[in-house]
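K.L.:
Any chance you could fold what I've pasted below:
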Amino acid sequence: MTEIRTSTAGSLPRTDALLAANAGRSFADDGFTLERTPEHDALTRAAVADVVERQRALGITIPGDGEFGKAMSNPVDYGAWWAYSFQRVNGLTLTEFDPFNGPAVRSEPGNIRLTTMADRRDRERFPRVYADPTSGAVHGKKVTGIPSTTSELSYRGHEAVANDIANLKAALKDNEEGFLTAIAPASASRIRNEFYANDDEHLHAWVEALRPEYEAIVNAGLTLQLDDPYLAESWDQINPEPSVADYQAFISSRVEALNEALKGLPKEQLRLHLCWGSWHGPHTTDIEIRHILPVILKANVGQISFEAGNVRHEHEWTHWHEAKHLIPDDLVLVPGVVSHATNVVEHPDLVAQRLRHFTELVGKDRVIAATDCGLGGRIHPDIAWAKLESLGEGARRASK
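P.N.:
As a prediction, the model looks like this:
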């Protein structure tokens, strides 16, 4: 019997001790790089060992490090997946520009530009929801200030990624699969550019700057998950709403940049994760996955992770069936079958039903059950672990 493998989308709940230690770290002179200490490194190493064992006990067969090597200082802060990259790349400086509250930007046909986070179409449609601190529709607290690109980009995170790799590999058993996350070039490049001639040059500078991190993870024998919510959620960050054709052209160049960054790396160790931003909002302005699948499926990766348990997108499993002719024969699908967006813990039978939508399409050996997005900082830790327990049990039931 083929057992359906299981994994997560990355972030898992940090321990209170790790959160407190991160909150107590000092910033370097640049204002956004957190200083490392031997004590903090030791605490992280122990926390990674514990979180890997906890995943294993709940039936997760491809565990990650919970993104514990990426700073998070507050239980409701889930920006570390992005902000960690600021601390591993040269050429960034804190400026007056704030992408969360900066001036609105308007696009024109054929000239797509992202506006600020505050001017998303979802926020414009539901202003009272986003203005109400009790609504729960939040982006989360920023882990650091958001810098701008002010000089030539280059990688400086060699020691940090080596530490991430060592922590995870020490926690894995012999021949056990494991994965680490890293930001994709397109999602990294969404910060303000004050140095390169245009957005295209800025994007390709990030390609070169991040490639050493990708190579280090793959060369260590781990699966590399490229976090690229930009590909789906940017649709909501373009005002006014663009045509589907213009948006497809817009993200096509981003997928091409991703493929450039991954050139020569083994596909079977590469996983692309996309999502719709995953903040706890209405999401009525999300793009449908059917419109972006023809572009996304050109990514030169062996796995694609996506939201399939989110109530706004669960029904879109049918679009995968409609696009069957576009799915490469060796592509592994990694649907999220438990969601970060609800406190309700999914029943294992529901998890199994969701999985069957995809096993009937490509077979059980080409499906990995996972979470919609990161659980750390999105829901209470006890709920997160209960969801992983349902994930493991649901995968076992679907395997039968």
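K.L.:
Where do the helices of the stretch 1-150 of the chain begin and end?
P.N.:
Assignment of helices within the stretch 1-150 of the chain using DSSP state H, counting those that start in this stretch yields the ranges 16-23, 38-57, 80-83, 121-125, 127-131.
K.L.:
Tell me which of these is the most buried.
P.N.:
Per residue and on average, the most neighbours among those fall to helix 80-83, with a mean of 23 (mean count of other C-beta atoms under 10 Å). C-beta: built from backbone N, CA, C; applies to glycine.
K.L.:
same for that one, what does it pack against?
P.N.:
If you count contacts as 3 or more C-beta pairs under 8 Å, 6 or more residues apart in numbering; DSSP states H and E, helix 80-83 packs onto strand 179-183.
K.L.:
neighbouring contacts of stretch 183-194?
P.N.:
81-82, 84-85, 89, 92, 95, 97, 99, 102, 114, 146-150, 199, 202-207, 209-210, 226-231, 234, 251, 254, 257-258, 261, 272 (C-beta atoms under 8 Å, 6 or more residues apart in numbering).
K.L.:
For Arg354, find the nearest of the helices of the stretch 1-150 of the chain.
P.N.:
helix 38-57 (19.7 Å; C-beta to C-beta).
K.L.:
what inclination does the closest one have with respect to helix 16-23?
P.N.:
If you take axes from the mean of the first three to the mean of the last three C-alpha atoms, to 10 degrees, helix 38-57 sits at 140 degrees to helix 16-23.
K.L.:
Identify the residues contacting helix 38-57?
P.N.:
8, 12, 14-15, 17-18, 21-22, 25, 63-66, 68-69, 163, 166-168, 170-172, 178, 385, 388.
K.L.:
circling back: in strands, which of the contacts of stretch 183-194 appear?
P.N.:
Val89, Leu92, Ser148, Thr149, Thr150, Leu226, Asp227, Leu272 (DSSP state E).
K.L.:
from memory the last one sits against Ser305, does it?
P.N.:
The one in question is Leu272. Yes: using C-beta atoms under 8 Å, Leu272 is in contact with Ser305, at 6.8 Å.
K.L.:
what touches both of the two?
P.N.:
Listed contacts common to Leu272 and Ser305 are Gln225; contacts here mean C-beta under 8 Å, 6+ apart.
K.L.:
So between these two, which is more surrounded?
P.N.:
Ser305 (30 against 24; other C-beta atoms under 10 Å).
K.L.:
mean confidence for stretch 84-99?
P.N.:
Averaged across stretch 84-99, the pLDDT comes to 89.
K.L.:
end-to-end on it?
P.N.:
Start and end residues of stretch 84-99 are separated by 16 Å (C-alpha to C-alpha, to the nearest Å).
K.L.:
i'd like the first residue to be 750 from this point on
P.N.:
That works, and once the first residue is 750, the last one we named lands at stretch 833-848.
K.L.:
ok, now how distant is the spatially closest residue to Ile1076 that is not a sequence neighbour from Glu964?
P.N.:
Sequence neighbours aside, Leu1046 is the residue nearest to Ile1076 in space, at 6.4 Å (criterion: C-beta to C-beta, 6 or more residues apart in numbering). Separation of Leu1046 from Glu964 (C-beta to C-beta, to the nearest Å): 24 Å.
K.L.:
For the residue nearest the centre of the chain, give the beta-bridge partners.
P.N.:
Note on the chain: the residue nearest the mean C-alpha position is Asp976, at 3.7 Å, using C-alpha atoms, centre = their mean. Applying DSSP bridges to Asp976 gives these bridge partners: Ile932, His1022.
K.L.:
Next one: it from Ala791, what distance?
P.N.:
Counting by C-beta to C-beta, the gap from Asp976 to Ala791 is 27 Å.
K.L.:
so what's the nearest residue to Thr899 once chain neighbours are set aside bridging to?
P.N.:
Spatially, and ignoring its direct neighbours in sequence, Thr899 is nearest to Thr842 (4.3 Å; C-beta to C-beta, 6+ apart). For Thr842, the beta-bridge partners are Ser897 (DSSP bridges).
K.L.:
who's in contact with Thr842?
P.N.:
Contacts of Thr842 by C-beta under 8 Å, 6+ apart are Asp779, Pro896, Ser897, Thr899, Ser900.
K.L.:
Quick check: the first one touching Thr844?
P.N.:
The reference is to Asp779. No: if you go by C-beta under 8 Å, Asp779 and Thr844 don't touch, sitting 11.6 Å apart.
K.L.:
I'm done for today, thanks for sticking with me.
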